[in-house]
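Chemist: got a predicted structure here, sequence first:
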Amino acid sequence: MSRIESIISELSSISNNPKKAMEDYKKETGKGSVGVMPYYAPEEIIHAAGFLPVGIWGGQKSISKARAYLPPFACSIMQSVMEMQLEGVYDDLEAVLFPVPCDTLKCLSQKWKGTSPVIVFTHPQNRKLEAANKFLAEEYRLVREKLEKILSVQISDEALNNSIEIYNENRKVMREFTDIAANYPNIIDPIKRHAIIKARFFMEKSKHTAMVKELNSELIALPVEAFTGKKVVLTGIMAEPNEVLDILKDNGFAVVADDLAQESRLFRNDVPSGTDPLYRLAKWWQEFDGCSLAVDTKKSRGPMLMDMVKVYKADAVVVCMMKFCDPEEFDYPIYYRQFEEAGIKSLFIEIDLETTSFEQTKTRVQSFSEML
Amino acid sequence: MTDTTNMMAKELLGFYQEELYEEARRAKKEGKLVCWSASVAPSELCVTMDIAMIYPETHAAGIGARKGALDMLEVADEKGYNLDTCSYARVNLGYMELLKEEALTGKTPEKLEKTPAARIPLPDLLITCNNICNTLLKWYENLAVELNIPLIIIDVPFNHTMPIPQYAKDYIAEQFKDAITQLEEICGKKFDYDKFLKVQEQTQRSVAQWNRVASLSSHKPSPLNCFDLFNYMALIVCARSKDYAEITFKKFADELEENLKNGIYAFKGSEQKRVTWEGIAVWPHLGHTFKGLKNLGNIMTGSAYPGLWNLSYTPGDMSSMAEAYTRIYINTCLDNKVKVLSDIISGGKCDGVVYHQNRSCKLMSFLNVETADMLQKENGLPYVSFDGDQTDPRNFAPAQFDTRVQALDEMMKQKEGVSNE
Ligand code: SF4
Ligand code: SF4
């Protein structure tokens, strides 16, 4: 196995088995894990405490127990997260960090069915005001206090600033990775690309950074591949389950960039420099744009996506629409109109973590591919 | 000027509602500013600046109640709005598209021509506030971009921990200041703080009369059926910073008190059981839901929704105003939400609760199971839930509603004698 293959296979197996990753971490450090609900929680605080931040993104699942607690029109990812809460999947977590940037999450933050303590905090939405930074830094101060209490640790400013640097390094390496991967679509197919990124959620970040860095340098040593398929940019919350990415791959699509909440949105920007770490983390949220969950009176998402299409010479945008996700559904008509006006092609596919039949997606992707 | 002194409350309600729309249309004609506003965004700021106000949620409810929603929903659908999103938003965004088309082509689209609700002008600016939901942020973002006009946001962060911390109030108060700066720029004139104080005082007088009306449902038998609040709500939304609301609610409260004195109650015949309604009205089927309960001899004496406008604060104190706008029960943690509802139920001496599982409104639906469970543990009262939607008529099944309220009725009657007094 080449070094590239072995790195990819290791990262893939981590992203497929978070439970094992948590156990390994415990064995190694004696410390447990803290869950991180979507979206945009300051994971760095958990990292600074020496615990493993673990991303909670649900999973492919049929929904049964959760039906009693959520109507069928709740988004697919939260249906699956609720199901897994009820199955006790998250009960090994020492705590769960719970941001509430949409109406669904506000409600879900009040009804955790697992046993771990939940730490809720609110992102401000009048984001461009200085007062918003102050508010959020204060929320983060409380998050830190609660974590310190639950985990019986002290989290110093120094440790936190150090963790921010480790995270920024990871973000930078991930940006490099997604750019490099765009040049090697045969080696880094959509599924591998996703797994390499997803492994971030279950690994101590400096370890992940080291592996991806090595992968990057192995890749750039190879000649850039000729690619005859079509290049696309993904946008949305996430592009799971793997069947969806499989269909893209089978139809000769390469993912050259993404605007997914589970992927690039997390590392598009660094945490800005400064001295007060909580303020720095708050400021990240102010500078972040182009996401349905970060209110933006200019709605820069459409123009941003069109830029990405240009920069990455993509043929189209694939809209990965999480079923019943209203923030994403509200953004769609606007950027869709902007795409139409600019002559940018887009394909709408529905993301449903419960479904096992992908025929519709397959047909849509196929006919789209023929159209391009 | 029309003489309103001899009008009954009901006439005042109709009169002032029409007057508000007329004011907005007149403002537009005269080249003055019109603002579209979220229903519980602070009205004090724009009213101080003499900006004519339109409240799309109320307007959409009006379209829904007059059975005109489907046309607007269709326009939104064509624009790519998913059926899953809030139907108020879709009705309004559809309406906005038609107004825009009219402005661009000079021709009135057929759907706009025949829509049954009051004509409203396009806005010059927008103000929104997320104290009832974050959907109002997304919806107004879209209005702002589609119309290319300024949007003022008052963000009131979800209160996951009560009581409301000072730093949250500070953040909101800072936004009031920023909104004032924005308004000064948009209007090209200074903000008049003396007038602002008067507008705040007016708002408090309106709210006081509103609360006075709402409190009357505590009498048993009740002179007030809370279904009436769904109608009168239009003025606490659209005119609380003007005397229109105060005058109308005062009149209504006076009438109800007079009725009470004379032994005239809301329920003709004798009220059997009293229920709390949790959630928004089903506007396209308001009559059906009203009659469904009435035919069983039941009256609504509890409703938390009108309480959203219990915006009492100290005029002149920005922090106090911030608190009033953020403490709304659906913007707080589950424990507080349950506490507020519990008071509504006991205040209305209710025997049961009806939960509206609203297809359009995630925020007002996703905690219903837990809320109902906690309340029942506390007060032992029966409850039912039905599927509905505030303005998309397709998401409500009359037969299901009837079966559910009948079941509730039976459960309430079985508990005869143990009512919550
Ligand atoms: S952002 Fe969308 S997908 Fe995510 S929790 Fe909210 S509604 Fe669900
Ligand atoms: S119905 Fe619900 S989602 Fe729609 S505006 Fe009202 S509170 Fe928001």
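Modeler: Noted; the coordinates are in hand. Ligands and ions are numbered 1, 2, ... in the order given.
Chemist: okay, CA-based contacts and neighbour counts for the rest of this
Modeler: Fine.
Chemist: how about the contacts made by the closest residue to ligand 1 within chain A?
Modeler: Here chain A gets closest to ligand 1 at one residue, A:Cys325, 3.7 Å apart by CA to the nearest ligand atom. Listed by CA atoms under 8 Å, 6 or more residues apart in numbering or on different chains, the contact partners of A:Cys325 are A:74-76.
Chemist: just among these, which is most surrounded?
Modeler: Within the contacts of A:Cys325, A:Ser76 tops the neighbour count with 24 neighbours, counted by other CA atoms under 10 Å in any protein chain shown.
Chemist: A:Leu353 is in contact with that residue, correct?
Modeler: Yes - counting by CA atoms under 8 Å, A:Leu353 is a contact partner of A:Ser76 at 5.9 Å.
Chemist: and the gap between A:Glu158 and A:Lys205?
Modeler: 17 Å (CA to CA, to the nearest Å).
Chemist: and the gap between the residue of chain A closest to ligand 1 and A:Cys102?
Modeler: With distances taken as CA to CA, A:Cys325 is found 9 Å from A:Cys102.
Chemist: tell me which strands whichever strand or helix holds A:Val232 pairs with, and in which orientation.
Modeler: Here A:Val232 sits within strand A:230-236, counting by DSSP states H and E. Sheet pairing of strand A:230-236 (DSSP bridges) gives strand A:253-260 (parallel), strand A:316-322 (parallel).
Chemist: for the stretch 1-150 of chain A, which spans come out with low pLDDT?
Modeler: Counting by pLDDT under 70, the stretch 1-150 of chain A shows no low-confidence range.
Chemist: which residue ranges of it form strands?
Modeler: Shown for the stretch 1-150 of chain A, the strands assigned by DSSP state E, counting those that start in this stretch span residues A:33-36, A:52-55, A:95-99, A:118-121.
Chemist: dump the residue contacts of residue 43.
Modeler: Because you didn't say which chain, this covers chain A. Contacts here follow CA under 8 Å, 6+ apart; on that basis A:Glu43 touches A:36, A:53.
Chemist: if you could check chain B rather than the one you did, that'd help
Modeler: When contacts are counted by CA under 8 Å, 6+ apart, B:Ser43 touches B:37, B:240-241.
Chemist: for the residues you listed, give me TSV that also has secondary structure and pLDDT.
Modeler: Formatted as TSV, the contacts of B:Ser43 follow (DSSP: H, G, I helix; E, B strand; the rest coil; pLDDT from 0 to 100):
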residue	secondary structure	pLDDT
B:Ser37	strand	98
B:Arg240	coil	96
B:Ser241	coil	97
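Chemist: got the contact list for the residue lying closest to B:Tyr265 once chain neighbours are set aside?
Modeler: The shortest distance from B:Tyr265 to any non-neighbouring residue, by CA to CA, 6 or more residues apart in numbering or on different chains, is to B:Pro223 (4.1 Å). Neighbouring residues of B:Pro223 by CA under 8 Å, 6+ apart: B:216-217, B:256-257, B:259-260, B:264-267.
Chemist: how close does B:Pro223 get to ligand 1?
Modeler: To ligand 1, B:Pro223 is 42 Å away according to CA to the nearest ligand atom, to the nearest Å.
Chemist: and that residue, which of the three is it?
Modeler: Per DSSP: H, G, I helix; E, B strand; the rest coil, the secondary structure class of B:Pro223 is coil.
Chemist: which bits of the stretch 251-372 of chain A sit near ligand 1?
Modeler: By CA under 6 Å from any ligand atom, the residues of the stretch 251-372 of chain A that approach ligand 1 are A:322, A:325-327.
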